[in-house]
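# let me see the structure of the following:
(one chain, ligands or ions: 1)
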Amino acid sequence: MTVPGVAINLRGRNALVTGAGKGIGRATALALARAGAGIFGVSRTAADLEEVGAEVRALGVQWGALAIEVVGAVSAGRAASAAIAALGDIDILVNNAGVARNARAEEVTEDLWDEIQNTNARGAFFMAQAIGRRMLARGRGRIINVTSQAALNGLEAHAAYCASKAALTLVTKVLAIEWGPRGVTCNAVAPTVMLTPMGTRVWGDPVKAAPMLARIPLGRFGVPDDVASMILFLASDHASFINGETISVDGGFNAQ
Ligand code: NAP
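Next up is the predicted model:
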């Protein structure tokens, strides 16, 4: 049991972070590395992973990476095998990879729908399955899914995205009840708009951003470290009795 007030220490643990190349995933990889965890980064662009890898290694922890698009059981299995081969058993899975492509409901195509579900829901579920099987065999593990305020609220032009993140929210609860008794916890973090490449692409227009900003009592959009801090806490022994929860990191958006 960890003593409250003692700094988070993840030395001796390994974490797999999907979408580690940019934004929230990158900040999370670095936060976990600063706490001492070995990091396996999974993302689509190899050059991004090389940059993050250099920063992680400079912190004196182990690093491995695979550039792959995680969209289902085959790609998740490849990522899991590569991570275990590089670092050994994985203690923490951060299912962060996600895509956003918005369209009003009457314009959503099957291709757009499938693209969003394949990464945000299907890929994340099968990643949890691939790593979760090993965690169950060891009797311990932490899974942290990055969902969104769009999992909890309807947002204009976000039908496919909202559906994908709501799906991952309920997957989080199912894994919590199925795997919690076997030592593996599963929680979610639900950010509001974060100033990442994705957030800037979707919300960079100040006219579009103004009504969203007005709904955030703290009066600003988030930065990747706001989310990474919560993921770090959920990955730590300080969060050992939290399971099946979705924690908003949203400056109070959901308080209204
Ligand atoms: P980002 O800036 O677009 O970065 C996403 C990272 O994930 C990129 O490195 C991307 O690689 C990678 N990626 C995307 N799909 C992938 C896949 N199928 N397999 C492997 N890697 C994949 O996004 P972000 O803003 O950091 O978002 C991270 C997570 O937070 C997502 O799940 C997103 O839905 C969620 N979120 C974001 C916001 C926000 O405002 N930013 C708000 C709420 C929730 P490439 O760049 O090489 O394609």
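# from start to finish, how long is stretch 212-223 in a straight line?
Across its full length, stretch 212-223 reaches 15 Å between end residues, using Cα to Cα, to the nearest Å.
# with stretch 171-191 instead?
Across stretch 171-191, the terminal residues are separated by 17 Å (Cα to Cα).
# so that stretch, near the ligand or not?
Yes: applying Cβ under 6 Å from any ligand atom, one finds stretch 171-191 in contact with the ligand at residue 191. From N, CA and C alone the C-beta is placed, and that goes for glycine too.
# so which bits of the stretch 1-150 of the chain are right by the ligand?
Selection of the stretch 1-150 of the chain residues close to the ligand by Cβ under 6 Å from any ligand atom yields 18-19, 21-25, 42-45, 48, 69-71, 96-100, 119, 123, 146, 148.
# of those residues, just the buried ones, PyMOL syntax please.
Filtering those down to the buried ones (16 or more other Cβ atoms under 10 Å) takes a single PyMOL command:
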select buried, resi 18+19+21+22+23+24+25+42+43+44+48+70+71+96+97+98+99+100+119+123+146+148
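# in strands, which of the residues of the stretch 1-150 of the chain next to the ligand fall?
In strands, defined here by DSSP state E, the members of those are 18, 42-43, 146.
# got those residues as TSV, with pLDDT columns?
Shown next, in TSV, are these (pLDDT from 0 to 100):
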residue	pLDDT
18	99
42	99
43	98
146	98
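# end to end, how far does stretch 105-124 reach?
24 Å.
# list the buried ones in that stretch?
By neighbour count on 16+ other Cβ under 10 Å, the buried set for stretch 105-124 is 108, 112-113, 115-124.
# surely residue 233 is in contact with residue 8?
Yes: with contact defined as Cβ atoms under 8 Å, residue 233 counts as touching residue 8 (7.1 Å).
# which ones among the residues of the stretch 1-150 of the chain next to the ligand are found in helices?
Counting by DSSP state H, those place 23-25, 48 in helices.
# as JSON lines, the residues you listed with pLDDT would be great.
Formatted as JSON lines, those follow (pLDDT from 0 to 100):
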{"residue": "23", "pLDDT": "98"}
{"residue": "24", "pLDDT": "98"}
{"residue": "25", "pLDDT": "98"}
{"residue": "48", "pLDDT": "98"}
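# what's the most distant pair in those?
Taking Cβ to Cβ as the measure, those span a maximum distance of 13.1 Å, between 24 and 48.
# got the residues of the stretch 151-256 of the chain near the ligand?
Residues of the stretch 151-256 of the chain lying near the ligand (Cβ under 6 Å from any ligand atom): 191, 193-194, 196-199.
# who's in contact with the closest residue to the ligand within the stretch 51-200 of the chain?
Residue nearest to the ligand within the stretch 51-200 of the chain: residue 98 (2.0 Å; Cβ to the nearest ligand atom). When contacts are counted by Cβ atoms under 8 Å, 6 or more residues apart in numbering, residue 98 is found next to 19, 119-120, 124, 146, 148, 164-165, 198.
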